[in-house]
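Novice: got a predicted structure plus its sequence, pasted below:
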Amino acid sequence: MSAVPPPGLTLPDVWYVAARSKTLRAAPLAVTIQGRPLVLFRGRDGVPAAFSDRCPHRNVPLSMGTVVKGELQCQYHGWRFDSKGACTAVPGLVDGEVSLRSRCAETFACVEQQGFVWVYTTPNVEASSRPFVFPHFDEAPYSSVVREFLVAASVHAVVENTLDVPHTAYLHGGLFRTAQKSNVIDVVVRRHGTFAEAEFIGEPAPKGLVGRLLAPGGGVTEHTDRFLLPSIAQVEYRLGTKSHLMATSALTPVTDTETRVFVVVTFKLPLPAWLVKPFVAPIAGQIFAQDAVMLKKQTEQVKRFGGERYTSTELDVLGPQVTRLMKQAAAKEAPPEGVDEHRLRMKT
Amino acid sequence: MSAVPPPGLTLPDVWYVAARSKTLRAAPLAVTIQGRPLVLFRGRDGVPAAFSDRCPHRNVPLSMGTVVKGELQCQYHGWRFDSKGACTAVPGLVDGEVSLRSRCAETFACVEQQGFVWVYTTPNVEASSRPFVFPHFDEAPYSSVVREFLVAASVHAVVENTLDVPHTAYLHGGLFRTAQKSNVIDVVVRRHGTFAEAEFIGEPAPKGLVGRLLAPGGGVTEHTDRFLLPSIAQVEYRLGTKSHLMATSALTPVTDTETRVFVVVTFKLPLPAWLVKPFVAPIAGQIFAQDAVMLKKQTEQVKRFGGERYTSTELDVLGPQVTRLMKQAAAKEAPPEGVDEHRLRMKT
Amino acid sequence: MSAVPPPGLTLPDVWYVAARSKTLRAAPLAVTIQGRPLVLFRGRDGVPAAFSDRCPHRNVPLSMGTVVKGELQCQYHGWRFDSKGACTAVPGLVDGEVSLRSRCAETFACVEQQGFVWVYTTPNVEASSRPFVFPHFDEAPYSSVVREFLVAASVHAVVENTLDVPHTAYLHGGLFRTAQKSNVIDVVVRRHGTFAEAEFIGEPAPKGLVGRLLAPGGGVTEHTDRFLLPSIAQVEYRLGTKSHLMATSALTPVTDTETRVFVVVTFKLPLPAWLVKPFVAPIAGQIFAQDAVMLKKQTEQVKRFGGERYTSTELDVLGPQVTRLMKQAAAKEAPPEGVDEHRLRMKT
């Protein structure tokens, strides 16, 4: 039985993607992170702000309201709040001060970068860190494709699935690995302070046409999977010297059993991007759809049986590392120094 | 944070409207009051009776049954009950008495008046009071319009909303008040033993055509809002000497978060009733629909956040009075003597 | 108030029908018994096996998988299990033993007989008994009709309803008994170690055409209702010397409030079976549909009122016996010796 994060594990002081920038327009937007209803809106100059999605007055959702001159106005009684959460209007009030502290909206630090709006999970504080930066995003000669999905499973389950190699031959059999396992490869697992990675050594290059297209000069295949706190899952491939591909998923816990996945596929290939891009989204979509069904069924079954009872093998390479890192973050422990490394073998 | 009635607050020894008279016909009718399933039926001479909606024998709903000669017959085994709840038939029984005490249905006092069937909330007792009487109902030269709605919110939330003035400019903006607030008026709040009222002094008369129609001779606008225990919310307007309008809502708690609203709009106007009536229902309907959405969202958000956290201002005129009166009734405290009065100012 | 089995009463060491044989084909089949998700599949030579429906690895439902050479293969990572639950494949694994004990599926004894797949309720043990055998099934000159239903009620509620005589005149009024009760008959109730029965003495023979067809030579009507542990409800009729009819229901608790009913109607009549069979299913279907609605409403009402509060009469002949037998089985008490007998009278 493997150790798994307890249900309801929520991480303080971390950043999650709340929405893609293009989703947050003139109207306020309701999102849920870690079970907490939030409202996002664009204040003066379009800078995003995030509040708890309830008016301090009568607790109706502020996301039902409208943005008036960069302030969020409640639909019920017309109270208004500026980007810092201060109450700026109580219509009808004659006597007394408007901007009382008790009338402030609960606020969350908010950062917009690379086309994503990130929200910090601890309310009413300055953030002590910056959000994750997607590597090579919008950096020549790289191209990126972004997609967003909702999965009925915990962040932990989605991360483990995303970084799990053996299931690809079965669940996605035919798509990119086959059940005919003939190669034995080495895997080096490294556990750092705030991330863990698995390097797959000896993985054969893709064969046939795909191989000639992606690694025209041949060369070594490098494959590394990573988990970075609080919830980044990354699969990185280098094929020879010409091809470099990263699929980076930023996961947002909507609730204990729902996760929003923002996938950024960034690549540099010996093929023009306009030729590659049309294939990336459908393939990612099909893989995602298969994984989503499995994760949903897994979540349902764990619930029906009253909890997880997992038997792991050494092939479950990163799952235990993810568990340990998430528990460390939840307990706000200092990241351990140094690197913990072990090796194993796997048939692929 | 304002004091609010705890969830699950149920009042003993009070009357609620169970149904409109015209809804209760030959067949038994299932209704729910304070979470308790009840069955209504018409006994001999059509006089309504109310039982807990389960057969004492095998607990199936008596509302599935039929009324036979003024007695309620269970569909499962044919047991019968008279209007007092006594068992009058156990088909198949050879030996022993039929009308055992253990076979009685649980009964509730029931009164039919002004087109409504009222039910008393304490079972198996004589009522110690009479139901509320709608003033001027069916009294010349008044006319009345009756409507029934279901709202996904507590009685307390619906009462506060019904008697709340400031939200009308925002939620119902354009319908009868505007957000352009220019008049400062006085409000006198009076807390009596079993009711509370707010008198709005200095409210301007309606302008333009409506004003000339409703208050042709001009004159003072009188506006008073009232809450009467256990659950009557009343808005009363007098415009000059010719126009008198009361919107009285009798609220029935279906569950802690569902309320059935029976609205009686009674009016005397310097216009013929046949001209006015066609406008009353649609306007009431639109106001209701907007309030119903807001109340539902408020209820949902309070639940999602794990409880209410309200910040009140003096503009929340009657809400605190309603809370205090409902708590007094729940605790069965004697109503305080005398009148408690305070004044405030409000922009409208 | 009658004693009833507490919610969640589950019996150990007993057999329930999991499915009809014809429902379990090449693909694995998900069923639920006593709230526990199970997967059935046919191993080598088609012999059925039953596991808990979760892969020991990552707890996804094994019923999503496929049967490969008589072994059940998980869809997620391709792990395989033989009919005894032993793990026979962990694809990708290089080092170490595959068939570790911790990788075994949880198994349940399984027997296929008379067209039904039966499952034993205690996991990972040899069964200490054999499943119930339907009498005269496939035995000349008897014929049988089998039907399967799902009811939203507990096993106890369904058994009591199935063996309850008085409700037939009301709920199924017109179908085979009428509310006009004129005959007084005797009922002998016998409580044995693992079953109870009620013999109805003096029940009149069917009249008119039906009577002449079924009991051409006249003669005595014998009618006995039985409950046999753990969940068999049987109604048996003999009309004269020529007609013998048994409706035997094997009930499977899906959850505390859902029961799957497998009904076997076995009969020997002075009419050809091809003439009778077309009538059996529709009549059984209509009776079932009426009972199913009533049982569902009963279950809902008991839940809404927070528990059962039944008032019984001596006409509730077998219900209390069923309760006592089920409690005895749940507590794993030794069946009492001898027979407990009492008599009563009933109007029919």
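Specialist: Great, that's in hand. Numbers count the residues shown, from 1 in each chain, chains lettered A, B, ... in the order given.
Novice: C-alpha from now on. contacts and neighbour counts both.
Specialist: Noted.
Novice: stretch A:199-208 - what's its average pLDDT?
Specialist: Across stretch A:199-208, pLDDT averages out at 86.
Novice: just stretch A:310-323 next, same as before
Specialist: 94.
Novice: hmm, who's touching that stretch?
Specialist: A:1-5, A:156, A:159-160, A:163-164, A:166, A:189, A:191, A:196-198, A:227, A:344, A:346, C:56-59, C:92-93, C:102-103 (CA atoms under 8 Å, 6 or more residues apart in numbering or on different chains).
Novice: make a ChimeraX selection of the buried ones in those.
Specialist: What follows is the ChimeraX syntax selecting those of these that are buried according to 16 or more other CA atoms under 10 Å in any protein chain shown:
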select /A:4,5,156,159,160,163,164,166,189,191,196,197,198,227,344,346 /C:56,57,58,59,92,93,103
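Novice: just checking, which of the contacts of stretch A:310-323 belong to helices?
Specialist: Among the contacts of stretch A:310-323, the ones falling in helices (DSSP state H) are A:His156, A:Val159, A:Glu160.
Novice: show me where the stretch 151-300 of chain A has its helices.
Specialist: A:155-162, A:168-171, A:208-214, A:273-304 (DSSP state H, counting those that start in this stretch).
Novice: does chain C sit close to the shortest one?
Specialist: Yes - Helix A:168-171 comes into contact with chain C (CA under 8 Å from any CA of the partner chain), by way of A:Thr168, A:Ala169, A:Tyr170, A:Leu171.
Novice: okay if I get those residues as CSV plus neighbour count and distance to C:Glu97?
Specialist: Shown next, in CSV, are these (neighbours: other CA atoms under 10 Å in any protein chain shown; distance: CA to CA, whole Å):
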residue, neighbour count, distance to C:Glu97
A:Thr168, 22, 22
A:Ala169, 22, 21
A:Tyr170, 19, 21
A:Leu171, 21, 24
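Novice: and which of these is nearest to chain B?
Specialist: Nearest to chain B out of the residues of helix A:168-171 next to chain C is A:Leu171 (CA to the nearest CA; 36.2 Å).
Novice: which residues touch the closest residue to that closest one other than its chain neighbours?
Specialist: Distances taken as CA to CA, 6 or more residues apart in numbering or on different chains put C:Tyr76 closest to A:Leu171, at 5.3 Å, once the chain neighbours are dropped. Applying CA under 8 Å, 6+ apart, one finds that C:Tyr76 lies in contact with A:His167, A:Tyr170, A:Leu171, A:Met294, C:Val60.
Novice: redo that, cut-off 7 Å
Specialist: A:His167, A:Tyr170, A:Leu171 (CA atoms under 7 Å, 6 or more residues apart in numbering or on different chains).
Novice: and it, helix, strand or coil?
Specialist: coil (DSSP: H, G, I helix; E, B strand; the rest coil).
Novice: can you give me the distance of it to A:Asn183?
Specialist: 20 Å (CA to CA, to the nearest Å).
Novice: what sits against the residue in the stretch 101-250 of chain A that chain C sits nearest to?
Specialist: The minimum distance from the stretch 101-250 of chain A to chain C, using CA to the nearest CA, falls at A:His167 (4.5 Å). When contacts are counted by CA under 7 Å, 6+ apart, A:His167 touches C:Tyr76, C:His77.
Novice: tell me the confidence at it?
Specialist: pLDDT, A:His167: 93.
Novice: could you do A:Leu175 as well?
Specialist: Looking at A:Leu175, its pLDDT reads 57.
Novice: quick one: neighbours of the nearest residue to A:Phe81 once chain neighbours are set aside, just the number.
Specialist: In space, A:Phe81 comes closest to A:Cys87 once its chain neighbours are excluded; the distance is 4.5 Å by CA to CA, 6+ apart. Neighbour count of A:Cys87, defined by other CA atoms under 10 Å in any protein chain shown: 23.
Novice: look up how far C:Phe132 lies from A:Cys87.
Specialist: A:Cys87 is 73 Å from C:Phe132, where distance means CA to CA.
Novice: same check on A:Val146?
Specialist: 60 Å.
Novice: same question, A:Val184
Specialist: In terms of CA to CA, A:Val184 sits 53 Å off from C:Phe132.
Novice: how about the contacts made by A:Trp118?
Specialist: A:Trp15, A:Tyr16, A:Val17, A:Ala18, A:Cys110, A:Val111, A:Glu112, A:Pro131.
Novice: return the most buried member of the helices of the stretch 151-300 of chain A.
Specialist: helix A:155-162 (a mean of 23; mean count of other CA atoms under 10 Å in any protein chain shown).
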